[in-house]
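Undergrad: sharing a model that was predicted from the sequence below.
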Amino acid sequence: MAVNKKEQELYNLLQKTMKIFDNYEISQSKTKTNPEGAINYLQIHQWEHLRTLNDVSNYFEKCNPSEIKILDIGAYYGNVCICLAELGFKVYALDHPEIMDEVVHHDRLTKHNVTPISYRLQDFSMPFEDEVFDCIIMCEVLEHINFNPLPVIKEINRIGKLESLFYLSLPNISSLSNRLKLVRGYSIHSSIDRFFIQLAKDTRKLGEHHWREYTISETETILEKMGYRIYKNYFFDERDNKINKNFKNQLIKFFLDKNPSLKCNQTTLAIKKSLFQQTLYLPETFERTYQSLEI
């Protein structure tokens with residue numbers, strides 16, 4: 001549910017972009033495809049994508065978009081990237097080789113003026129020169145990282161220009177739903193069954209689990225310690241953009257609007273104020289390939 005003319009235009013652009021992905025599914029397992037998967041995924045996450053488009057376009061509203069270089073880390077299908085490119089920004093989409101190296105996906109992004117980048121975050125050295133991006137987006141990625149994320153944040157700090165925007169969105173571990181699970185004795189983490197599903201021959205997937213979620217104060221601490229100033233942050237919930245006809249959902253929305261820190265997701269816009277220069281030493285127990293790497 002768009003709330004103003006500009007947001008309505010972004011919503012229409014997002015809906016138009018979704019049609020590009022008809023009958024296409026990234027087959028991470030390399031064993032099967034699901035033609036309806038892409039559209040289903042994009043529809044489920046459309047309000048998150050709209051929020052990102054709205055926030056980023058508003059932030060650079062007074063800039064010439066052709067002069068703004070944006071990197072989307074964890075771009076996945078790349079529909080947000082395609083929308084940003086349609087708005088005139090120079091856009092780079094980064095994700096796993098298993099995603100970006102698929103010919104159809106690679107060609108689709110290129111066709112829509114998005115530069116695809118194949119890269120694994122655990123390689124710790126992104127294929128970019130220092131201070132080249134005006135904006136770096138990382139939505140729903142940090143929680144999937146199953147190792148110490150500080151080297152990744154340091155790389156993001158390195159490749160972002162001074163005064164660049166780091167747009168970070170992720171789940172809120174202190175949400176109402178998580179608190180209720182704990183009160184009832186349930187885990188707030190991915191189920192153990194998903195560990196087995198992830199590594200099964202016919203169903204293996206990349207980045208399936210949330211290995212570590214964060215409170216918004218933890219997000220602030222990481223960023224502020226690594227050279228960023230918090231420009232803005234807020235909580236959001238899928239109910240924020242939906243018309244809730246169900247009375248129960250209306251009550252929940254009313255309660256969450258009064259207590260936003262209990263919403264399911266958080267977004268932080270941070271500005272790079274300095275280069276993070278502290279050397280990070282990887283432990284000896286880390287993968288042998290990286291044991292001698294000082295970053």
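TA: It's in.

Undergrad: the helix or strand hosting residue 11 packs against which elements?
TA: Here residue 11 sits within helix 5-18, counting by DSSP states H and E. Counting contacts by 3 or more Cβ pairs under 8 Å, 6 or more residues apart in numbering; DSSP states H and E, helix 5-18 packs against helix 37-44, helix 46-59, helix 79-86. Heads up, the C-betas are built off the backbone N, CA and C, glycines and all.

Undergrad: same thing but at 6 Å, please
TA: Under the contact definition 3 or more Cβ pairs under 6 Å, 6 or more residues apart in numbering; DSSP states H and E, helix 5-18 sits against helix 46-59, helix 79-86.

Undergrad: that one vs helix 79-86, what angle?
TA: Here the directions of helix 5-18 and helix 79-86 differ by 120 degrees (axes from the mean of the first three to the mean of the last three Cα atoms, to 10 degrees).

Undergrad: what does residue 170 show for phi and psi?
TA: Listed backbone geometry of residue 170 is phi -160, psi 170, with angles given as degrees, to the nearest 10.

Undergrad: assign a three-state SS to residue 115, would you?
TA: Secondary structure assignment for residue 115 (DSSP: H, G, I helix; E, B strand; the rest coil): strand.

Undergrad: can you give the strand pairings for the host helix or strand of residue 135, parallel or anti for each?
TA: For residue 135, the element it lies in under DSSP H and E is strand 133-139. Partner strands and pairing direction for strand 133-139 (DSSP bridges) are strand 69-73 (parallel), strand 160-171 (parallel).

Undergrad: using JSON lines, please lay out these together with mean neighbour count.
TA: Conversion of the strands paired with strand 133-139 to JSON lines gives the following (neighbours: other Cβ atoms under 10 Å):
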{"stretch": "strand 69-73", "mean neighbour count": "24"}
{"stretch": "strand 160-171", "mean neighbour count": "20"}
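
Undergrad: any chance of the ones you listed in TSV, with distance to residue 104 too?
TA: As requested, those are exported to TSV (distance: least, Cβ to Cβ, whole Å):
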stretch	distance to residue 104
strand 69-73	19
strand 160-171	27
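
Undergrad: can I get the ones you listed in CSV with mean pLDDT and distance to residue 277?
TA: CSV is the format used below for these (pLDDT from 0 to 100; distance: least, Cβ to Cβ, whole Å):
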stretch, mean pLDDT, distance to residue 277
strand 69-73, 98, 21
strand 160-171, 98, 13
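
Undergrad: before we move on, back to that, nearest to residue 236, out of the helices and strands packed on helix 5-18?
TA: Comparing the helices and strands packed on helix 5-18 against residue 236 with Cβ to Cβ, the closest turns out to be helix 46-59 (6.4 Å).

Undergrad: elements contacting the closest one?
TA: helix 5-18, helix 79-86.

Undergrad: go again with 8 Å.
TA: Using 3+ Cβ pairs under 8 Å, 6+ apart, helix 46-59 sits against helix 5-18, helix 79-86, strand 133-139, strand 160-171, strand 265-272.

Undergrad: at which residues are the strands of the stretch 101-250 of the chain located?
TA: Remark: strands assigned in the stretch 101-250 of the chain by DSSP state E, counting those that start in this stretch are 114-118, 133-139, 160-171, 228-236.

Undergrad: would JSON lines of those strands with distance to residue 214 be doable?
TA: Shown next, in JSON lines, are the strands of the stretch 101-250 of the chain (distance: least, Cβ to Cβ, whole Å):
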{"stretch": "strand 114-118", "distance to residue 214": "25"}
{"stretch": "strand 133-139", "distance to residue 214": "13"}
{"stretch": "strand 160-171", "distance to residue 214": "6"}
{"stretch": "strand 228-236", "distance to residue 214": "12"}
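
Undergrad: quick one: which of the ones you listed is nearest residue 93?
TA: strand 114-118 (5.1 Å).

Undergrad: the closest one vs helix 79-86, what angle?
TA: With the same axes, to 10 degrees defining the directions, strand 114-118 sits at 140 degrees from helix 79-86.

Undergrad: if we can go back for a sec, out of the strands paired with strand 133-139, which is closest to residue 188?
TA: Residue 188 lies closest, by Cβ to Cβ, to one member of the strands paired with strand 133-139: strand 160-171, at 9.7 Å.

Undergrad: rewinding a little: with just CA atoms, put the strand holding residue 135 into CSV.
TA: Listed next in CSV are the C-alpha coordinates belonging to strand 133-139 (Å, rounded to 0.1, in the frame of the first residue of the first chain):
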residue,chain,number,x,y,z
PHE,A,133,30.9,3.5,-4.0
ASP,A,134,28.5,6.2,-2.9
CYS,A,135,26.1,3.7,-1.5
ILE,A,136,26.4,0.1,-0.3
ILE,A,137,23.2,-1.9,0.4
MET,A,138,23.2,-5.0,2.5
CYS,A,139,19.7,-6.2,3.2
